[in-house]
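Engineer: any chance you can model this:
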Amino acid sequence: MADYVGSIDQGTTSTRFMIFDHSGNEVARHQLEHEQIMPQAGWVEHNPVEIWERTSAVIQTAMTKAKLGPEDLVALGITNQRETTVVWNKKTGRPYYNAIVWQDTRTDRIASALDRDERGDIIRRKAGLPPATYFSAGKIQWILENVDGVREAAEKGDAIFGNTDSWIIWQLTGGRHGGVHVTDPTNASRTMLMDLETLEWDDELLGFFDIPRSMLPEIKPSSTADGYGTTLENGPLGGEVLITGILGDQQAATVGQVCFAPGEAKNTYGTGNFMLLNTGKELVRSKAGLLTTVCYQFGDDAPVYALEGSIAVTGSAVQWLRDQLGIISGAAQSESLARQVKDNGGVYFVPAFSGLFAPYWRSDARGAIVGLSRFNTNAHLARATLESICYQSRDVAEAMEKDSGVVLEVLKVDGGVTANELCMQIQADVLGVAVSRPVVAETTALGAAYAAGLAVGFWSSTDELRENWNESKRWEPQWDDEQRTAGYAQWTKAIQRTLDWVDVD
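Structural biologist: Numbers count the residues shown, from 1 in each chain. Now for the predicted structure:
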């Protein structure tokens, strides 16, 4: 039997390929960034062709580094940035338009129109989501309405849609020469088009956006022994490997953190922050501004659901300090700069660059830095940026407690920002609970590998996966209740300053 599982992690700012052994240890990886295209304010795009080229390159480089061939991989899993929308011609393989990224806000008029009548309530009930610019359906509608020839091609069955999981699997399995057009329930549940109870595309929801059903990929379980297809001899792996796992990135991180029991939660710190709470087979409908989503579906088992709090801008706020303001040269410098001051000096930064996501869902909000005086320095802004990551996570944790009644005892964390130890200490302080980081911090790629490996018996059960999980570091709260309450009160005051900035019809 082959000794390893491969995992493609197609993220918002980069794509990586990782190889894991049976103990869940990293054997090799390679990662490449891709361009962030911002044609105008509120628009965020990626080039799908560049993403595919980067995917091919990282696979080839990681396999070469590890001196492995396709015969060494028992299976292949994929995880991806969710909601980011690609529409392409299945005959030519060419995208009709750049991928419209989940952060993009150009569909605010579509979303707000849905929320003005009963259609918004139907979307919430069936799809578990509020009408918002975040999700895929509005982006598909925008492409159909604004890109020449797409509507006609869709009606003929030539134009097809996928999030980046579908795009990459289609390419890996043959592209225009018979590529497989497929997705899983975790990605489909982020479109506003899938019924959460049936795990099928819903004709009424499709009608709200005037999207032909023929555009959509087939929905299959997140982990399946039959696989979705095999890679090609002339593809980046250089041989046939069965693709057996698909999970949207945040659900993949939940699996990688082995949150398999109801009440277990994790928080992933990437471009944005995403906290998921496993609710088991119970579909909990949020009353506090969270999303109801599919956590995973393994084989023929019933789906497992989750409550999710999605935050648009966290790690990307640190990138903004680097790329737009130029006050740091790299992400790691945000920690050393912030450590130059003992607190935020009264400065609060709400990075609502794409509006506010959970639990507010305010597309009219925009970023604000408040509380400035002549006393403040770039170190205070760096500190306020780290605190903004943590305060936004507290907003979500409080909403989660209201919906589920589950009080966090410890927060499992993962993702790139967890390398920032000051930020993790602030997170423990702001929440008032311990924060725990695993040995393998890249749990998104690991979760996709777990889904793929479970399907083919490389791992026998989720209990075996639990044995792989080990803690790397734990942060205990150091603030007292008075300091925690005062800081959060100022944060909520700062949130109010961001609202009603943009007029949304």
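
Engineer: contacts and neighbour counts: CA atoms only from here.
Structural biologist: Will do.

Engineer: can you map out the strands along the stretch 301-450 of the chain?
Structural biologist: 304-311, 348-350, 368-370, 410-414, 434-438 (DSSP state E, counting those that start in this stretch).

Engineer: paired strands for the third one, with orientation please.
Structural biologist: When you say that, I think you mean strand 368-370. strand 348-350 (antiparallel) (DSSP bridges).

Engineer: let me have the strands of the stretch 301-450 of the chain in CSV, extended by distance to Val396, mean neighbour count and mean pLDDT.
Structural biologist: What follows is these, written out as CSV (distance: least, Cα to Cα, whole Å; neighbours: other Cα atoms under 10 Å; pLDDT from 0 to 100):
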stretch, distance to Val396, mean neighbour count, mean pLDDT
strand 304-311, 5, 26, 91
strand 348-350, 15, 26, 96
strand 368-370, 19, 17, 96
strand 410-414, 12, 23, 91
strand 434-438, 15, 21, 94
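
Engineer: can I get these in CSV with distance to Thr444?
Structural biologist: CSV is the format used below for the strands of the stretch 301-450 of the chain (distance: least, Cα to Cα, whole Å):
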stretch, distance to Thr444
strand 304-311, 16
strand 348-350, 26
strand 368-370, 31
strand 410-414, 8
strand 434-438, 12
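
Engineer: select, out of these, the one closest to Ser23.
Structural biologist: strand 434-438 (13.6 Å; Cα to Cα).

Engineer: ok, and what's touching the closest one?
Structural biologist: 257, 409-414, 418, 424-425, 427-428, 469-477 (Cα atoms under 8 Å, 6 or more residues apart in numbering).

Engineer: partner strands of it and their direction?
Structural biologist: strand 410-414 (parallel), strand 471-475 (antiparallel).

Engineer: following element in sequence after the last one, please.
Structural biologist: Along the chain past strand 471-475, the next helix or strand (assigned with DSSP states H and E) turns out to be helix 481-498.

Engineer: if we can go back for a sec, quick check: which of the strands of the stretch 301-450 of the chain is nearest to Gly447?
Structural biologist: The nearest among these, by Cα to Cα, is strand 410-414 at 11.7 Å.

Engineer: and that closest one, how far from the chain's centre?
Structural biologist: For strand 410-414, the separation from the chain centroid amounts to 16 Å (computed by Cα atoms, centre = their mean, to the nearest Å).

Engineer: report the contact partners of Ala288.
Structural biologist: Residues near Ala288 by Cα under 8 Å, 6+ apart: 359, 399-400, 402-403.

Engineer: top of these by neighbour count?
Structural biologist: Using other Cα atoms under 10 Å as the neighbour criterion, Met400 leads the contacts of Ala288 with 28 neighbours.

Engineer: you'd agree that residue is up against Val406?
Structural biologist: Yes: between Met400 and Val406 there is a contact at 7.4 Å, judged by Cα atoms under 8 Å.

Engineer: for Ala399, which non-adjacent residue is spatially closest?
Structural biologist: Ala288 (5.3 Å; Cα to Cα, 6 or more residues apart in numbering).

Engineer: likewise Ser214?
Structural biologist: Gly157 (5.9 Å).

Engineer: please report how far that neighbour lies from Lys91.
Structural biologist: Distance from Gly157 to Lys91, counting by Cα to Cα, to the nearest Å: 10 Å.

Engineer: settle it for me: which of these two has more neighbours?
Structural biologist: The neighbour comparison of Gly157 against Lys91 (other Cα under 10 Å) goes to Gly157, with 16 against 13.

Engineer: pretty sure the more buried one contacts Met215?
Structural biologist: Yes: using Cα under 8 Å, Gly157 is in contact with Met215, at 6.7 Å.

Engineer: overlap in contacts of those two?
Structural biologist: With Cα under 8 Å, 6+ apart, Gly157 and Met215 have no common neighbours.

Engineer: that older thread, so which of the contacts of Ala288 belong to helices?
Structural biologist: Using DSSP state H, the members of those that fall in helices are 399-400, 402-403.

Engineer: from the residues you listed, pick the one nearest Met18.
Structural biologist: Distances from Met18 to the ones in helices among the contacts of Ala288, taken by Cα to Cα, are shortest for Met400, at 31.9 Å.

Engineer: need the nearest residue in space to Asp403, chain neighbours excluded.
Structural biologist: Ser286 (5.8 Å).

Engineer: re the thing from before, would you write a PyMOL line that selects the buried entries of the contacts of strand 434-438?
Structural biologist: Selection of buried members from the contacts of strand 434-438 for PyMOL, criterion 16 or more other Cα atoms under 10 Å:
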select buried, resi 257+410+411+412+413+414+418+424+425+427+428+469+474+475+476+477
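
Engineer: strands of the stretch 51-200 of the chain, start to end?
Structural biologist: Per DSSP E, counting those that start in this stretch, the stretch 51-200 of the chain carries strands over the ranges 73-80, 86-89, 99-100, 159-162, 182-183, 194-195, 200-201.

Engineer: still on that earlier bit, and the residue nearest to Ala399, how close does it get to Asp9?
Structural biologist: Taken as Cα to Cα, the span from Ala288 to Asp9 is 31 Å.

Engineer: likewise Arg366?
Structural biologist: Taken as Cα to Cα, the span from Arg366 to Asp9 is 30 Å.

Engineer: so which residues of the stretch 1-150 of the chain form helices?
Structural biologist: For the stretch 1-150 of the chain, applying DSSP state H, counting those that start in this stretch gives helices covering 48-66, 108-114, 118-127, 136-146, 150-156.

Engineer: including pLDDT, could the contacts of Ala288 go into CSV?
Structural biologist: Below are the contacts of Ala288 laid out as CSV (pLDDT from 0 to 100):
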residue, pLDDT
Pro359, 92
Ala399, 93
Met400, 91
Lys402, 90
Asp403, 90
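
Engineer: out of those, who's nearest Gln483?
Structural biologist: Ala399 (21.0 Å).

Engineer: so who does that closest one touch?
Structural biologist: Neighbouring residues of Ala399 by Cα under 8 Å, 6+ apart: 288-290, 359.

Engineer: cool, Thr268 as well?
Structural biologist: 250, 253, 274-275, 413-415 are the contacts of Thr268 under Cα under 8 Å, 6+ apart.

Engineer: now do 6 Å
Structural biologist: 274, 413-415 (Cα atoms under 6 Å, 6 or more residues apart in numbering).

Engineer: okay, the strands of the stretch 51-200 of the chain in a markdown table with mean pLDDT next?
Structural biologist: As requested, the strands of the stretch 51-200 of the chain are arranged in a markdown table below (pLDDT from 0 to 100):
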| stretch | mean pLDDT |
| --- | --- |
| strand 73-80 | 97 |
| strand 86-89 | 98 |
| strand 99-100 | 98 |
| strand 159-162 | 97 |
| strand 182-183 | 98 |
| strand 194-195 | 97 |
| strand 200-201 | 98 |
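
Engineer: mind checking the end-to-end distance for stretch 358-365?
Structural biologist: Stretch 358-365: ends 12 Å apart by Cα to Cα.

Engineer: hmm, who's touching that stretch?
Structural biologist: Against stretch 358-365 from outside (Cα under 6 Å, 6+ apart): 289-290, 309-311, 355-356, 498-502.
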